Structure formats: structure tokens, C-alpha cells
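1. what's the 3D shape of this:
(one chain, ligands or ions: 1)
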Amino acid sequence: MKVDTNIRSRTRSDELFDHAQKYLIEGVNSPSRGRTVFEPGPIFIERGEGCRIWDADGNEYIDFMMSFGALIHGHAHPAIVSAVSQAIAGGSHFASATSAEVDVAERFCRMVPSAEAIRFTNSGTEATMLALRLARAATGHTKFVKFEGHYHGWYDPYLLNAHAHPPRKLGAPENPARIPDSAGVPPATFNDVVLAPWNDAARLEAILQKHAHELAAIITEPIMANMGCIPPRDGYLAQLRELATKYGVLLIFDEVVTGFRYAPGGCQEFYGVRPDLSTFGKALGAGFPIGAIAGPRSILNRMKWGEDMVLHYGTFNGHRLTMKVVTTSLDLLMAENKAAYRKLHHLGDQAIAGLRSIFERRKIGAVVQGFGPMFQIYFTDRTAIHDYRDYCSFVDTRCYSRFIYALHKQKIYMTPSNGLHWIITTAHGESDIDGLLAAADQACAEIS
Ligand SMILES: Cc1ncc(COP(=O)(O)O)c(C=O)c1O
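-> Take a look at the predicted model:
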């Protein structure tokens with residue numbers, strides 16, 4: 001079926017895309033921004049303010065993609081603009097010790113339950129790289145459990161079964177097909193990866209019985225956020241904690257998406273489960289590039305200089321401008337007894353309830369999963385999507401793309417990729433949720 005992707009006007013976006021392809025591979029800097037996802041090409045965004053963005057043709061949208069969740073306070077929040085403007089006048093970065101990084105580290109350790117100490121990186125990928133290196137050094141083992149469909153950045157060993165594939169390619173759940181996500185990774189790298197299905201404690205225990213003696217860690221997204229939004233089954237994260245402890249394996253929560261979003265202390269606070277190590281990024285930076293690893297001193301001290309240290313360098317670690325932004329952002333999140341979190345949950349739940357009732361009224365087979373600040377819509381005849389295999393087998397991702405193109409015409413911006421998720425920020429308000437719901441109703445009329 002031909003997809004109608006006409007927004008009000010896209011002449012300038014198309015011109016820019018043609019030009020971009022002369023210099024940039026596929027005209028973009030990440031496949032998730034280009035034609036792999038957007039048909040007939042990306043919408044070029046020129047400006048943002050609050051929860052609104054404007055594209056190169058002057059079309060205005062309410063943004064619910066929010067830089068893949070990096071913008072917890074929306075675009076150009078005045079306090080953040082002021083923090084950056086003041087800070088840059090005093091020099092952008094020194095690659096030396098600064099009070100700015102101590103200000104953030106202190107706040108971070110106060111907010112995140114498992115953070116006795118932290119180390120900053122420049123992206124979520126760098127943080128998950130470091131987490132695995134630390135876990136391996138701490139345990140002396142190299143293998144680790146990775147769950148099917150979880151994405152932990154683009155570091156070699158994580159690039160197994162992170163993309164969706166047709167169900168016939170997946171193999172049996174007890175013996176999953178091992179599908180690399182990238183060329184150029186030495187096949188031997190994947191010998192260290194023990195693949196497991198997520199949201200299934202019994203299967204994981206069977207795997208641990210066999211492999212625990214050679215495992216450094218189990219790494220998990222606490223809410224699966226790269227196949228849309230798949231929350232853990234009741235008690236599943238606590239079961240993961242118990243199993244990791246019982247079998248002597250470190251538990252890593254990859255909170256790059258969930259950190260600072262669901263609660264000041266991320267999912268570990270929200271669900272009351274304490275991982276050994278956790279990684280952060282996205283919302284922590286409020287739009288600036290950052291990553292971080294947190295954990296107990298007993299593990300993070302392995303980075304202290306010495307003969308068997310874990311090496312971690314980085315010119316831009318603890319970048320001064322970013323640190324100034326993060327201090328401002330964290331203070332905004334914690335102000336008025338954490339009012340920001342009440343707002344994120346309230347608005348998100350309102351959007352979710354509204355969308356559910358639209359799909360029900362219009363008799364469209366769709367589920368809306370997630371809660372509060374993050375959710376995703378699946379066009380499916382199922383009542384819920386519990387894991388990677390459900391996502392690959394039962395979700396009509398093309399229908400979702402058509403729905404999103406219809407929303408673009410209704411001034412709502414979101415990626416057409418079903419693998420991502422809707423983001424609520426402190427910049428959204430009730431009227432923006434009303435705007436979304438009115439647009440979604442129209443979009444449903446268009447796709448049904
Ligand atoms: C759960 C998770 N971990 C790690 C990463 C990598 O973060 P970054 O894109 O900042 O390298 C991502 C990015 O989407 C992610 O979703």
C-alpha cells in the first residue's frame with residue numbers, strides 16, 4: 001500500500017535532504033533519523049521552544065519524540081538557556097577538575113539509590129561499555145546475559161538480537177537464533193553473549209544454572225524501551241535481583257532511557273530494586289550529550305589508577321557546559337517536592353487513557369503500553385506485548401507508521417518507528433495532551 005506522508009509542505013525539507021545526501025551517508029548522522037524510518041525522507045527541524053518545534057518549511061508541531069527522550073524539560077527551557085549562556089562566557093570545557101562536575105555528582109548520588117559513586121561519559125553507549133568492562137574486571141568472567149530485543153548502544157558485544165526480525169527467523173525461545181545487528185563485529189565477540197528471553201524468570205534461572213560460573217553480569221533495560229515500551233511483569237525485576245544474587249552474577253540496569261524519568265532515582269527507585277551497576281544518559285543531559293555509570297565504591301574503585309585498573313579516559317568527560325545544564329535540570333526536577341515527576345506521570349497517564357478510549361471507540365485493534373512519562377502504541381490483536389517475540393510476531397509496525405504520518409499532518413511530531421516511544425516532558429501541558437488526542441482521533445479516521 002502506498003503510504004501518504006504529505007505534511008502541509010515539505011519542499012525545503014526535501015531540498016535539504018537532497019543536499020545532505022551529497023555529504024552525509026543517507027543524508028543523516030544516525031539511521032534512526034533517515035529514510036530507514038521516515039518516508040519519503042526526514043523532516044528537517046530548525047527550531048524548538050517548550051514542547052513545540054518548527055521544521056524548515058515553517059510547519060509547527062507539538063513534539064512527543066523529544067530527542068528520543070533526551071529533553072526532559074522540552075526545548076530551550078529558559079533556565080537551561082541561561083545556565084549555558086552564562087557558563088560558556090567563562091569557557092566551555094577545561095578537561096580539568098571543575099566544581100561543576102562535583103555539583104552534579106553530589107546531586108546524582110543523592111537522587112539515585114544505588115549510586116555510592118559515579119563516573120561521567122559522553123553517551124549512553126560509552127556508559128554501557130564501561131559497565132561491562134567493570135563487571136568483567138570485578139568478577140573475572142567475560143560472558144554476560146543479554147536479553148533478546150534489548151538495546152544497550154552500539155558497542156560490539158551488545159549488537160546481537162537488538163533489532164526486530166520476522167518471527168520465522170527467531171528460532172525456538174529455548175534456543176534463540178543469534179542474529180548480529182552489524183557487520184564488522186568479530187564473530188568471536190558474540191561467544192561472550194548468552195541470549196535470554198526477557199520477562200521470563202523461569203527461563204532465566206535455567207540459563208543461570210548452566211552458565212552462572214562463567215558470567216560477569218546480567219544486563220537489562222528495566223522497562224524495555226527499544227521495542228516500544230514493554231514494562232516488566234509484576235515482580236520480574238525483583239526476581240532478576242534475587243536470581244543474580246543467588247547465582248553470584250552482577251545485575252546491571254541500563255537506565256539510559258528510564259533514568260531521571262520515572263522517578264529521581266529512575267526505575268530502581270520506582271520499582272524498589274537495587275542493581276549492582278546502572279547506566280544513564282538521555283534525560284540526565286536535558287538535551288546535552290552525556291552518559292554516566294553509578295554503583296558501589298567496591299566496583300567503581302576498580303577505575304582507580306593501578307596495575308589492574310579498569311581504564312576509562314575521555315577528553316569530554318564531565319563537560320563543563322553539560323554539567324552546568326545538568327545541575328540546573330536536576331534542580332528543576334527536584335523543585336517543589338518533586339512536582340515535575342507528579343506532572344510527568346499525570347500528563348502521561350492522561351494521554352494513555354485518552355488514546356485507549358479513542359482506539360476503543362473507533363474499534364481499532366491497538367494497545368497503549370507504558371505509564372506516565374513514556375508509552376507506546378501497538379496496532380495488534382493481542383491484549384499486551386510482553387517481549388521481543390511478541391513484538392516481532394504480533395505488532396503491525398506499518399500501520400503505526402501510517403498513523404504517525406497522519407499525525408504529522410495534524411501538527412504532532414513523532415518518529416514513525418514503532419520501536420521507540422512517546423515522551424512526556426515538563427514542557428508539555430494539558431492543552432498539548434488535548435491537542436494530541438484530537439489529532440489522534442483524526443489520524444484514526446484516516447488509517448481505518
Ligand atoms: C537502553 C539504552 N541504552 C543505551 C543507549 C545508547 O545511548 P546513546 O545513544 O546515548 O549512546 C540507548 C540509546 O537509545 C538506549 O536506549
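
2. Strands along the stretch 151-300 of the chain, start to end?
-> 171-172, 175-176, 193-196, 215-220, 250-254, 277-280, 291-295 (DSSP state E, counting those that start in this stretch).

3. Those strands: which one's closest to A238?
-> If you check each of the strands of the stretch 151-300 of the chain against A238 by C-beta to C-beta, strand 250-254 wins as the nearest, at 11.0 Å. In this view, the C-beta of every residue, glycine as well, is placed from N, C-alpha and C.

4. Report the distance from the closest one to the chain centre.
-> Relative to its parent chain, strand 250-254 has a centroid offset of 15 Å by C-alpha atoms, centre = their mean, to the nearest Å.

5. For the strands of the stretch 151-300 of the chain, give me JSON lines that also has mean pLDDT.
-> Converted to JSON lines, the strands of the stretch 151-300 of the chain look like this (pLDDT from 0 to 100):
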{"stretch": "strand 171-172", "mean pLDDT": "93"}
{"stretch": "strand 175-176", "mean pLDDT": "92"}
{"stretch": "strand 193-196", "mean pLDDT": "97"}
{"stretch": "strand 215-220", "mean pLDDT": "98"}
{"stretch": "strand 250-254", "mean pLDDT": "99"}
{"stretch": "strand 277-280", "mean pLDDT": "98"}
{"stretch": "strand 291-295", "mean pLDDT": "98"}
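
6. which ones are touching the closest residue to the ligand within the stretch 101-250 of the chain?
-> Residue of the stretch 101-250 of the chain nearest the ligand, by C-beta to the nearest ligand atom: G124 (2.3 Å). When contacts are counted by C-beta atoms under 8 Å, 6 or more residues apart in numbering, G124 is found next to H152, G153, D254, V256, T279, F280, G281, K282, G291.

7. The fifth one is in contact with A131, isn't it?
-> Yes: with contact taken as C-beta atoms under 8 Å, T279 and A131 are classed as touching, separated by 5.2 Å.

8. Mutual contacts of the two, please.
-> Both T279 and A131 are contacted by I252, D254, I293, under the criterion C-beta under 8 Å, 6+ apart.

9. now, which of these lie close to the ligand?
-> Filtering the shared contacts of T279 and A131 for proximity to the ligand (criterion: C-beta under 6 Å from any ligand atom) leaves D254.

10. Got the domain ranges for the chain?
-> Annotated domains of the chain cover 11-76+339-447, 78-330 [automatic domain parsing].

11. Could you pick out the residues of the protein near the ligand for me?
-> With C-beta under 6 Å from any ligand atom as the criterion, the chain meets the ligand at residues 68, 123-125, 128, 151-153, 221, 225-226, 254, 256-257, 281, 291.

12. Give me the residue at the spatial middle of the protein.
-> Nearest to the mean C-alpha position of the chain, by C-alpha atoms, centre = their mean, lies V257 at 3.1 Å.

13. show me the contacts for that one.
-> With C-beta under 8 Å, 6+ apart, V257 has these contacts: G69, E221, I223, A225, N226, K282, M374, H421.

14. go on, V256?
-> G124, A127, T128, H152, G153, E221, T279, F280, G281, K282, G291.

15. repeat for S448
-> R362, I364.

16. Any idea which residue of the stretch 301-448 of the chain lies closest to the ligand?
-> Counting by C-beta to the nearest ligand atom, the stretch 301-448 of the chain gets nearest to the ligand through L420 (8.5 Å).

17. Wait, a strand at that residue?
-> No: secondary structure of L420 (DSSP: H, G, I helix; E, B strand; the rest coil): coil, not part of a strand.

18. Could you check the pLDDT of it?
-> The predicted structure scores L420 at 98 on the pLDDT scale.

19. Could you do P173 as well?
-> 89.

20. Contact partners for it?
-> Applying C-beta under 8 Å, 6+ apart, we find P173 in contact with P197, R203, R389.

21. Dump those to TSV, plus pLDDT.
-> As requested, these are arranged in TSV below (pLDDT from 0 to 100):
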residue	pLDDT
P197	96
R203	96
R389	97
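
22. Could you tell me which of the residues you listed count as buried?
-> P197, R389 (16 or more other C-beta atoms under 10 Å).

23. Among the contacts of P173, find me the one that's closest to A56.
-> R389 (39.8 Å).

24. contacting residues around the helix or strand encompassing that closest one?
-> Assigned by DSSP states H and E, R389 belongs to helix 388-394. With C-beta under 8 Å, 6+ apart as the test, helix 388-394 has contacts from 147-149, 161, 164-167, 170, 173, 197-198, 224, 227-228, 230, 378, 380-382, 384-385.

25. can you give me how far it is from the chain middle?
-> Relative to its parent chain, helix 388-394 has a centroid offset of 19 Å by C-alpha atoms, centre = their mean.

26. could I have that helix exported to PDB, CA atoms only?
-> Coordinates of the C-alpha atoms in helix 388-394 are reproduced here as PDB (Å, rounded to 0.1, in the frame of the first residue of the first chain):
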ATOM      1  CA  TYR A 388      10.700  -9.300  21.800                       C
ATOM      2  CA  ARG A 389       9.000 -12.200  20.300                       C
ATOM      3  CA  ASP A 390       5.500 -10.700  20.800                       C
ATOM      4  CA  TYR A 391       6.800  -7.500  19.200                       C
ATOM      5  CA  CYS A 392       8.200  -9.300  16.200                       C
ATOM      6  CA  SER A 393       5.200 -11.500  15.800                       C
ATOM      7  CA  PHE A 394       2.100  -9.500  16.600                       C
END
